[in-house]
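In: Have a look at this prediction, sequence included:
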Amino acid sequence: MKMGENVPDRHWGPGNESNPTGPAATDSPSRESIILARLNARARARKAAMSPLTNGISKPPEQYVYAVSTDSRKVEEIETEINTRKDEDTQAEISNKSDTITEGDVVEGDSTKKKKKKKRDKETKPSDEIQVPFDDKVSGVVVDESYDESPPKKKKKKKKKREKSDTITEEETVDSVTNTPCDTEVNGEIVEKKKRKKLKRDRKDKSFTEESRLDVGSDTACDVEVDGELVEKKKKKKHKRETGDERSTEQPSVEGGNDTICDDEGGGEPIKKKKKKKKKKKKRGDEEGEKDQPQDVNGIVGGLDESLKRDERDEELGEASQGEQRDDVPSEPHPDSQSQGEISKKTTTRALMVKNKQIPSTGDDEMAKSPVENGDLLGVPSTLAKTGNEKKMPIKRKAKKKPKGKKRKKVVKEQDVPGFTIIKEVETTKREELKRTLPHWLANPTVISRDLHADGASIDSIHGLDEALKKILQEEKVCHRYRPQDICVSAPTGSGKTLAYALPIIQALKGRTVPKIRALVLLPVQELALQVYKVFLTYTKGSGLKVGVAVGKRAFKNEQASLVGHNYAGYHSLIDILVATPGKLADHLRLTKGIDLSSLRYLVLDEADLMLAAEGGEWVNRIEQSVRGCQAASQNVLIGGFQGSGTTQYPQPSLHRLLFSATLSHDPEQLQYVTLYRPKLLIVTTRITPGVMKDKSDGTVVGQYIRPVELKEDYAIVDESVKPLILHHLITTKSWRKVLVFTNSVKATHKLAVLLSVLSEGLRIAEFSSKMKERKTIVSKFASGKIDVLVSSDAMARGLDIPDIEHVVSYDVTSAKTHVHRIGRTARAGKPGTALSLVTKDTRDDFKAVLSSGGNATELTISTEELEPYETLYINALAKMKEILHEENLKLREKEVMEARVSKSTQQRERKWQRETQRGRRKGLVKRLQRPFR
Ligand SMILES: Nc1ncnc2c1ncn2[C@@H]1O[C@H](COP(=O)(O)OP(=O)(O)OP(=O)(O)O)[C@@H](O)[C@H]1O
């Protein structure tokens, strides 16, 4: 089907329907009305024609298509024919010719004759000007002829009817009137003018038709310009969208596929501009109408692809969406929607060609893409809107710099995978690099700052190291090695110093394989040593470590057998940890065979200040010499402590010295006997009390005797004669139980214990006996609460750990150091306790010195009135005490006399026997000598 055949059918149909009788049936209009109607019709026609042009659609409206067929040359021929045949009655011929015209067309008057003539001419001689652009394969546009046969949509048709009915009617009227023979007859001038105007209009129409033709079939500068404007507008709008300047009230159709339509009609473009554009287009149409076809192809693609993409998107959304009113698109159908639909089909073909690489795609394919096509406005994902068939062409635009590290899109093209349809874009995001986090032990190493030369010990001090290695080390100037610092600890009483050294030693020696004396703990008295020995026994359960004690509690031979074993291979150690008093240790080092201290690693001096004070501290030096001697003597000791001629030697670690006391001496003279290696003094305190930290004259900060925090310390200024009565008064009136009283001597202890026993008959009073056998029983009774008041000398002042002693009385003022240990028997391990000091006038100054060492006591006043009730009792108690003491003295003397007598009589009997023996021997010898030989 040819273009010329279809156009009248679509264009003139409605007009003829509206006016079936045709213009010939009307009366001849006046000249002015004809001219006015003609001008109006032309203006409307041009306006209607401009809409698709600016829309990027190449196809002009039907009336212009029709005008294309009405070439000026043909018009002249028709007019000439009309003039020559005006006298002839051609009604029959015209009616015959009218058969060739499509049904529905109303042919009335001369104008219809002309049209029929034109139609006939077109049928006989098709216009190349029309067919070329649509049939031109170079343009890439293949006319879908079936489109013309498809029924137009009702909405579009109705709309078209409404908008064009008036124009078409008027135009028809004008054409019919101007071409009627009566006009020429009425006024020849008018006819001439009309002819000139007709020629002029036809020329314009011709030029415009050429422009339209070019728009339809080929590209024009107009299209290029329009497309360029569209591109620019879209760029601006896109920029606005990106910057958020675009108002939300703006119609989505502006951004959508109908944006060009709205630009023309609803975009608010001034009419003057439109006219200017039209003029420019006409000029360019005249100038560029004869340009090469490839340029035209490129120009047309932009407008076509825009419709193509809209159609493709509609296809993707499904047929259900077709014909429906979009929310973001104006519901009123556009008058040019039909022509757009027509172009869309063409552009679909065009797109297929582009897809199949039959023709090159242009950057306008991408540029013409609207947000609706991208699925943005309809909420359709862009991945659905894009089919992947779009071939990206180079677009002259500033490429946006992609931010580093962000999403990196990778579009999988359909061409990449032949035979498969890519339905979705594959987006690959660049994963953020995971920061590696180190384990806690690697990220937080324990930094030990040390200086090799400052902390090192001499190579010679490494026991057991091979002499050849020592020589090499010295040659390499590696003369020092790391050695732990010796530690001195001054901590309050009852703060757990025993466990402070016991647990680390047990932990360090737990992995040993062969028993050897590796730890030596020295304490001043037997009771403390036994107490610490029990602690080690408790905490070494299950560890395999063996603990020995050397305090003289058992027979010496038994202690020897518990420390050293002997078999066919020789002597070997039976213990790993030895708890001893200095005296007994010296006896064993001197008398016990096989005792070996060569592997000693830890030397602990508990109550170090007292230990170093005994014998001037020389015994410590003797023990260390003994240790070094053992080490020197055991150079050939085999593994396991067996002595022999083995060659295996192991370097022994240096001896680590640990000194503990609640009153560690600050006197350097007392520490001179201990060879301490870079000693470190640790002072443990729980609160800063006045006088705790003092800055001495030498600038060194030293600690004082620190009391437990839980200890409450009181003192009472009393007379010497009533001290027992005041103590009795406090114990009885305040119901003290488990009271530990310290005196300065054993005699005073006994005297006080007797007096208290007389005064307070209901209380269980005991004294810490000097007899070793009785001590253990008394301590256990006192700890279990069977003794209420235990009177003791300072033999119990240090280290004894008796639980739950509530009150400690310092009956006699003593030194500050002893005072700290006395009152330290209470308030242990965080438990509360009270200490009372009875101060006389003579000992007031001494007590002040005691307090100045870090104590803080409150005075307890006891009035004489409180003591008056005890006067008689006290006098009687004193008298009875004297009697008791006197009797005790008498008994003691008798005992001594008896012992003396026994000893004297024994001596006498021995002497008598000796004399008799000597005398008898002599008599018997004489008798034997006098016996005659018979
Ligand atoms: N961490 C602790 N928690 C509870 N009790 C503890 C702790 N450490 C030690 N003790 C207890 O405190 C008491 C006193 O311990 P220890 O005899 O070692 O004290 P000390 O400092 O040696 O006192 P002193 O100077 O009088 O000899 C012990 O009965 C012990 O069991």
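Out: That came through fine. Numbers count the residues shown, from 1 in each chain.
In: count of neighbours near the closest residue to residue 599 other than its chain neighbours?
Out: Among residues not flanking residue 599 along the chain, residue 516 sits closest, at 4.0 Å (Cβ to Cβ, 6 or more residues apart in numbering). C-beta here means a position set from N, CA and C on the backbone, and glycine is covered the same way. Other residues lying near residue 516 total 23 when counted by other Cβ atoms under 10 Å.
In: residues touching residue 516, list them.
Out: For residue 516, the contact set (Cβ atoms under 8 Å, 6 or more residues apart in numbering) comprises 573, 576, 596, 599, 641.
In: how about the residue in the stretch 551-700 of the chain positioned nearest to the ligand, phi and psi?
Out: Residue nearest to the ligand within the stretch 551-700 of the chain (Cβ to the nearest ligand atom): residue 662, separated by 4.1 Å. Dihedral angles phi and psi of residue 662 (degrees, to the nearest 10) take the values phi -80, psi -20.
In: What separation do you get for it and residue 853?
Out: Distance from residue 662 to residue 853, counting by Cβ to Cβ, to the nearest Å: 12 Å.
In: Hmm, residue 828 is touching residue 806, no?
Out: No: look at residue 828 against residue 806 with Cβ atoms under 8 Å: they stay out of range, at 11.2 Å.
In: what about these two, which has more around it?
Out: residue 828 (21 against 15).
In: In terms of helix, strand or coil, where does that one fall?
Out: coil (DSSP: H, G, I helix; E, B strand; the rest coil).
In: ok, and the closest non-adjacent residue to it?
Out: residue 494 is the one closest to residue 828 (Cβ to Cβ, 6+ apart), at 2.9 Å.
In: Quick one: neighbours of the one you found, just the number.
Out: With other Cβ under 10 Å as criterion, residue 494 counts 20.
In: That one sits in which helix or strand?
Out: If you go by DSSP states H and E, residue 494 is not part of any helix or strand.
In: Tell me both backbone torsions, phi and psi, for it.
Out: phi 70, psi 10.
In: Could you give the average pLDDT over the helix of greatest length in the chain?
Out: Looking across the chain with DSSP state H, the single longest helix is helix 871-930. Mean per-residue pLDDT for helix 871-930: 86.
In: re the thing from before, in this structure the residue of the stretch 551-700 of the chain closest to the ligand contacts residue 706, no?
Out: Yes: with contact defined as Cβ under 8 Å, residue 662 counts as touching residue 706 (7.4 Å).
In: what is in contact with those two at once?
Out: Counting by Cβ under 8 Å, 6+ apart, the residues touching both residue 662 and residue 706 are 490, 491, 492.
In: So the last one versus the ligand, what's the distance?
Out: Using Cβ to the nearest ligand atom, to the nearest Å, one gets 7 Å for the distance from residue 492 to the ligand.
In: now that residue, nearest residue through space, not along the chain?
Out: According to Cβ to Cβ, 6+ apart, the nearest residue to residue 492 is residue 706 (4.6 Å).
In: Could you tell me how many residues sit around that neighbour?
Out: Neighbours of residue 706 (other Cβ under 10 Å): 25.
In: again with the one 3 residues further on
Out: For residue 709, the number of neighbouring residues by other Cβ under 10 Å comes to 14.
In: Next, it: secondary structure please.
Out: Strictly by three-state DSSP, residue 709 counts as coil.
In: now the one 3 residues further on
Out: Applying three-state DSSP to residue 712 yields a three-state assignment of strand.
In: count of neighbours near the closest residue in space to it that isn't next to it in sequence?
Out: Leaving aside its sequence neighbours, residue 712 sits nearest to residue 834 (Cβ to Cβ, 6+ apart; 4.8 Å). For residue 834, the neighbour count with other Cβ under 10 Å is 20.
In: what about residue 834, distance to the ligand?
Out: Taken as Cβ to the nearest ligand atom, the span from residue 834 to the ligand is 17 Å.
In: looking at the sheet around that residue, what are its partners?
Out: On the basis of DSSP bridges, residue 834 is bridged to residue 712, residue 807.
In: Now do the contacts for it.
Out: Contacts of residue 834 by Cβ under 8 Å, 6+ apart are 711, 712, 713, 714, 806, 807, 808, 826.
In: Tell me the pLDDT of it.
Out: The model's pLDDT for residue 834 equals 93.
In: What separation do you get for it and residue 660?
Out: Counting by Cβ to Cβ, the gap from residue 834 to residue 660 is 26 Å.
In: same check, this time on residue 517
Out: 20 Å.
In: quick one, which of these two is more surrounded?
Out: Just comparing residue 517 and residue 660: by other Cβ under 10 Å the higher neighbour count belongs to residue 517, 25 against 22.
In: Verify the assumption that the more buried one is located in a strand.
Out: No: assigned with three-state DSSP, residue 517 falls outside any strand and is coil.
In: right, and it touches residue 600 too?
Out: Yes: counting by Cβ under 8 Å, residue 517 does reach residue 600; the two are 6.1 Å apart.
In: So which residues make contact with stretch 763-782?
Out: 526-527, 731-732, 738, 740, 746, 749-750, 752-753, 756-757, 786-793, 795-796, 800, 802.
In: Around the ligand, pick out the residues from this protein.
Out: Within the chain, the positions lying close to the ligand (Cβ under 6 Å from any ligand atom) are 491, 493-499, 662, 799, 801, 824, 828-829.
In: Which among those residues count as buried?
Out: 491, 493, 494, 495, 497, 498, 662, 799, 801, 824, 828 (16 or more other Cβ atoms under 10 Å).
In: got TSV for these, with pLDDT too?
Out: What follows is these, written out as TSV (pLDDT from 0 to 100):
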residue	pLDDT
491	87
493	91
494	90
495	89
497	93
498	94
662	89
799	87
801	91
824	93
828	91
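In: okay, those in JSON lines with distance to residue 201 next?
Out: As requested, these are arranged in JSON lines below (distance: Cβ to Cβ, whole Å):
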{"residue": "491", "distance to residue 201": "123"}
{"residue": "493", "distance to residue 201": "129"}
{"residue": "494", "distance to residue 201": "126"}
{"residue": "495", "distance to residue 201": "122"}
{"residue": "497", "distance to residue 201": "125"}
{"residue": "498", "distance to residue 201": "127"}
{"residue": "662", "distance to residue 201": "129"}
{"residue": "799", "distance to residue 201": "134"}
{"residue": "801", "distance to residue 201": "131"}
{"residue": "824", "distance to residue 201": "131"}
{"residue": "828", "distance to residue 201": "127"}
